[in-house]
Structure formats: C-alpha cells, structure tokens
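Participant: sequence plus the predicted model coming up.
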Amino acid sequence: MTQSLLTTIETTATWADDHRSVEMLRQVIAKRGCYVYGAGGYGREVAAAARGQGYVVHGFFDTFKGDGELVDGLPCRRPEELAGLCDAVLIVAINNFKVPVGDVVAWARNVPFAEIIHVAELPDLLGRELGHYWQGERGLIRAEANKIARFHAMLGDARSREILEQLVRFRISGLPEDHPEVDRDHQYFPVDLPIGKPAISVIDCGAFPGDMLGSIGAAGLELESWYAFEPDPANFRRLCEVAADGGFKSGALFPCGVGDATGLVRFAEGAADASRAIGDDDVGIGVVVPIVRVDDVVHAECIDMVKLDVEGFEAQAIDGMARLLGQHRPRLAMAIYHKPADLWELAFKIEAMFPGGRYAIRQHGYNGYDTVLYVDL
C-alpha cells in the first residue's frame, strides 16, 4: 500500500516537471499575458503579483462582476461574455473551502485558453506570499515522500489512504479531477466513523459562531457538556448568541485562543472562519487576544471529543491539553491543512505523545481546505 503512494508522488511530480515546470509556465505567460478568474481578495493578490513581476494582466473574469466594472484598474467580465478561443493564459484564483473549481476549469478548457494555471502552482510561479494555508512549493511533497508514506501506513481504513493519495496529487497538479470527494455535510461526524456514544462532552477549540451545535444535532447526538474557545471578538459575540438558545447541559465559553502557554497574541479579527494569529511584524493590524492552556482552565469528569481548528496553532494546542488528552483519551478531530506539512506532521506528534491511536482522514472542503484528521486515542 505504501509503495502505491510513493509511486503516485513520483509519477505526479515527474509529470509536473515534464509538463508544468515553472520555466514553461513563465514562458507562456510572458508571451500571451493572462486573465485571472476570481476578482475577490485572492484573485486581486494574484493579479498584483503577476503585474509586479512584469506580466501583462488583461483583466478578470468573475461570475458576480462584469459589465465593464473595473477591479484595481483592470476590466472584469463575466464568463459568458467571452465567445470563442482566447490566446491568453487563464489563472484560476478561486481559493476557498466553499466553491469547487471543476465547472470553471471545464469552461476554461472548452473556450479554450492558451494555458490554465491552478492555485497549487502559484507559490512556485509568482511567489511564496501566494501560498495560503496548505499551499507551498510543490517540491515539498516529493522531498517529504517517505514521511508521507509513513503517515499513509498509519491510516486505518482504505478511504483515508485513498484521500491522502488524492491530496498529494492535487497539491502538485492543482487539477480538480485529482481532488478528493468532499463531504460538506458531516464535518467532525462522518457517517462511516461513528463516535460510538449517543451523548458526548466536547472541547471545541476554534468554535467560530457555534456551528458545532448544529453538527452534533445533525449527527443525531446529544451534547452533554461544551467547552468552547473562540478568540475573535465578533465571532465570540455570535457564539454567545447561539449558546443562549441552549442545546447543551453544561460547559463554558472562553473568549480566547488556545496554545501551549498562557499569554497574548495579535489576532486578525473580522475574517469570519479565517480569523488567525498574525506576526509581530504586522504592527497596527488586528487586536491582542489572550491564549490559554486548556489543561489550566478545563477540569471535567468526562471528555469524549476534542475539536481543533485553530489556524496553525494545532501543535501548540495539543501540548497545552496533554493532561486532558491522556486522562480521557477522547476522539480528536483536528484540522491538518493550515500549514503544508501539517498533513502528516501532526499525526506524528500525536502518536509520539499517545501511541497506538486509530487514525483516519476525511475531506470536508473544496480546494484542499477542511482536511480533518480523526484520532481515537
């Protein structure tokens, strides 16, 4: 089984070297210029990066904008406004968990364009600053192939191993046909990974506006206790409103993040589910929020599940709740897409701390987002 993964990585990486190298893509953009599909925040970043490197950007395509509208001084058109062959390159800059790109790519292939460039290729092509979350240098997958194969061997079911193989292909190619099937409806409670109890107590790290309550109800479960952590002030206000409607018997809401030490971090607020900690260099951006060790503030008789979606702080959060994890051995449902190597490294960390767990992954978002690792400790 592991050999099949290594073969997949090498075959896909070789294909990219032969047909999608940075040099090849740069040559065709330099010759043809490009359009950017998607005039939102990421698309505008892509257009600015391309122009900054001297490439001609002819404009944007966007389903929701057009009719001569200008975006950053560039014309924006709806896809249906383009009739027939286009000799420019199209950069597909849809980069979020909600919107699949398959239909856009099918349209672009049908036009056709001189070339189609995908999000996974952009950090190599236009700069690392376009590498959001899991996106980074494509060569990392080949360089870390043996580690990824080790993670592959840890996975306990065929579906998880298939998803991992598809993800590594997708992170190299960016092709929608390489992306795993997405289960948007059962995030944190996959039907084929039952938690085994009708009523559960949950630590919810990265609670956002309390969507865990709806997920638990949709799974046919009862929520006994809920300890929810959310550092974004706007999200926390919404969380309190949701919690006021009930749906759980006991617990507490914490207006803070989680980590391996109690302290303060600067936080980019108001970005909804993409709220995140930011660096010290970002002076004047965001707000300062507290973070805590979960072990210091939660003292419970029973914990059945821990959800971790904390924008890249997952490793530190695990260290900060080691006592609770060791004491209760709950199911851990953890985001493993915030950094490129999280896909495999976070599982190694858990196994080193709590050997013998049962591991599975499921894909709950489009475009490489919302990959969740499930571990029964």
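Facilitator: On my side now, so go ahead.
Participant: wait, Gly38 touches Val101, no?
Facilitator: No - counting by C-beta atoms under 8 Å, Gly38 stays clear of Val101, with 9.2 Å between them. All C-beta spots, glycine's among them, are computed from the backbone N, C-alpha and C.
Participant: more neighbours, those two?
Facilitator: With neighbours defined as other C-beta atoms under 10 Å, Gly38 and Val101 compare such that Gly38 has more, 26 against 22.
Participant: quick one on the thing from earlier: any common contacting residues for Gly38 and Val101?
Facilitator: Here Gly38 and Val101 have Val92, Ile94 as joint contacts, going by C-beta atoms under 8 Å, 6 or more residues apart in numbering.
Participant: stretch 287-300 spans what distance, first to last residue?
Facilitator: According to C-alpha to C-alpha, to the nearest Å, stretch 287-300 extends 31 Å from its N-terminal end residue to its C-terminal end residue.
Participant: which residues does it contact?
Facilitator: Identification of contacts with stretch 287-300 by C-beta under 8 Å, 6+ apart yields 201, 203, 205, 225, 227, 229, 231-233, 252, 254-267, 269, 313, 317, 320-324, 328.
Participant: would you map the helices across the stretch 1-150 of the chain?
Facilitator: According to DSSP state H, counting those that start in this stretch, the stretch 1-150 of the chain carries its helices in the segments 2-19, 22-32, 41-52, 102-110, 122-126, 139-143, 145-154.
Participant: and Cys240, which of those helices is closest to it?
Facilitator: Evaluated over the helices of the stretch 1-150 of the chain, closeness to Cys240 peaks at helix 41-52, with 28.0 Å, by C-beta to C-beta.
Participant: nearest spatial neighbour of Gln53, chain-adjacent residues omitted?
Facilitator: With C-beta to C-beta, 6 or more residues apart in numbering as the criterion, Gln53 has its nearest non-adjacent residue at 6.5 Å, and that residue is Leu126.
Participant: and the gap between that neighbour and Val22?
Facilitator: For Leu126, the distance to Val22 (C-beta to C-beta, to the nearest Å) stands at 10 Å.
Participant: what are the boundaries of the strands in the stretch 101-250 of the chain?
Facilitator: Listed in chain order, the strands of the stretch 101-250 of the chain (DSSP state E, counting those that start in this stretch) span residues 115-117, 199-205, 222-229, 248-254.
Participant: out of these, deepest packed?
Facilitator: strand 199-205 (a mean of 24; mean count of other C-beta atoms under 10 Å).
Participant: now that strand - C-alpha only, PDB.
Facilitator: In PDB, the C-alpha atoms belonging to strand 199-205 read as follows (Å, rounded to 0.1, in the frame of the first residue of the first chain):
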ATOM      1  CA  ALA A 199     -24.400  11.800  24.200                       C
ATOM      2  CA  ILE A 200     -21.000  13.400  24.200                       C
ATOM      3  CA  SER A 201     -18.900  16.100  26.000                       C
ATOM      4  CA  VAL A 202     -16.800  18.200  23.700                       C
ATOM      5  CA  ILE A 203     -13.900  20.700  23.900                       C
ATOM      6  CA  ASP A 204     -14.300  22.900  20.900                       C
ATOM      7  CA  CYS A 205     -11.200  24.900  20.000                       C
END
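Participant: name every strand pairing with it and say which way it goes.
Facilitator: In the sheet containing strand 199-205, the strands it pairs with under DSSP bridges are strand 222-229 (parallel), strand 305-308 (parallel).
Participant: so where's this structure uncertain?
Facilitator: By pLDDT under 70, the low-scoring segments of the chain are 1, 267-286.
Participant: pick out the residue closest to the middle of it.
Facilitator: In the chain, the C-alpha nearest the mean C-alpha coordinate belongs to Tyr369, at 3.0 Å (C-alpha atoms, centre = their mean).
Participant: picking up where we left off before, now which of the contacts of stretch 287-300 would you call buried?
Facilitator: The neighbour-count test (16 or more other C-beta atoms under 10 Å) applied to the contacts of stretch 287-300 identifies 201, 203, 205, 225, 227, 229, 231-232, 254-260, 265-267, 269, 313, 317, 320-321, 324, 328 as buried.
Participant: sorry, back to before: among the contacts of stretch 287-300, which lie within helices?
Facilitator: When the contacts of stretch 287-300 are checked against helices using DSSP state H, the ones located there are Pro233, Ala317, Ala322, Arg323, Leu324, His328.
Participant: give me every residue that touches the fifth one.
Facilitator: Shown in contact with Leu324 (C-beta under 8 Å, 6+ apart): Ile203, Val294, Asp295, Val298, Ala300, Ile303, Val306, Pro330.
Participant: please report how far it lies from Leu223.
Facilitator: 18 Å.
Participant: sorry, back to before: which of the helices of the stretch 1-150 of the chain sits closest to Arg362?
Facilitator: Ranking the helices of the stretch 1-150 of the chain by distance to Arg362, with C-beta to C-beta as the measure, places helix 145-154 first at 14.7 Å.
Participant: list the helices and strands the closest one packs on?
Facilitator: helix 2-19, helix 158-173, helix 342-353 (3 or more C-beta pairs under 8 Å, 6 or more residues apart in numbering; DSSP states H and E).
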